[in-house]
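>>> Mind looking at a prediction? Sequence and model below.
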Amino acid sequence: MRKIVRRIASLALYFVAVYAIFVPSLLSIIVIDNTIGFSFNLNGFVEAPLLIITIGTAVLWPLNYFIVWAEHLVKPKLGDHFQLSALYYLLSIYLATIFPVTGFYGGLTETYMLMTLAISVWAIIINAIFLYRRRKLNIA
């Protein structure tokens, strides 16, 4: 029973990390646009991917260490990746299917959806790389 609770808690913790990436990225884009004006009137299209990759890696990599430690994962399997990233897969599929239906008009809602899609795809990639390296290096 405790193992199931730990798995659900780690799944929820890994999914809530989207806010720990989204909010600092958005605030950084606002500060950069208002002070430096680095985006050349593109309103964050230059900075957003760089910030999502940087902040996302800084948040998700240590979080993966914590989750592996909390769940006592020894030699993680492919199922562990899908278990941790399941909600991100669902969110990515949902957001990727919404864009062709609603269209992209460049509004604030579409921007938030696009950032969330980028963060969820990055979370899937980081988790896959982390667990693959951990399995390949035989870290117990």
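Thanks, I have the structure now. Numbering: from 1, shown residues only.

>>> What about the closest residue to residue 48 other than its chain neighbours, how many residues nearby?
Nearest non-adjacent residue to residue 48, counting by CB to CB, 6 or more residues apart in numbering: residue 29, 5.9 Å away. Using the backbone N, CA and C atoms, a C-beta is placed for each residue, glycine as well. Other residues lying near residue 29 total 23 when counted by other CB atoms under 10 Å.

>>> Give me the contact list for stretch 11-22.
52, 55-56, 59-60, 63, 67, 83-88, 91, 115-116, 119-120, 122-123, 127 (CB atoms under 8 Å, 6 or more residues apart in numbering).

>>> which residue is nearest the centroid of this structure?
residue 123 (3.2 Å; CA atoms, centre = their mean).

>>> Just the element for that one, please.
Assigned by DSSP states H and E, residue 123 falls within helix 108-136.

>>> just residue 5 next, same as before
helix 2-35.

>>> Name the residues of that helix that come out as buried.
By 16 or more other CB atoms under 10 Å, the buried positions in helix 2-35 come out as 7, 10-11, 14-15, 17-18, 20-22, 24-26, 28-29, 32-33.

>>> do the same with stretch 81-92
81, 83-85, 87-88, 91-92.

>>> where does the protein have its least confident helix or strand?
Taking mean pLDDT, DSSP states H and E as the measure, the chain has helix 2-35 as its least confident helix or strand, at a mean of 83.

>>> quick one, that one and helix 108-136 angle?
130 degrees (axes from the mean of the first three to the mean of the last three CA atoms, to 10 degrees).

>>> Could you check the angle the helix or strand just after helix 2-35 makes with helix 108-136?
Using DSSP H and E, the helix or strand that follows helix 2-35 in sequence is helix 47-71. Counting by the same axes, to 10 degrees, helix 47-71 lies at 40 degrees to helix 108-136.

>>> what's helix 47-71 in contact with?
3, 6-7, 9-10, 13-14, 17, 20-21, 24-25, 28-29, 32-33, 38-39, 73, 76, 84, 115, 118-119, 122-123, 126-127, 130-131, 134.
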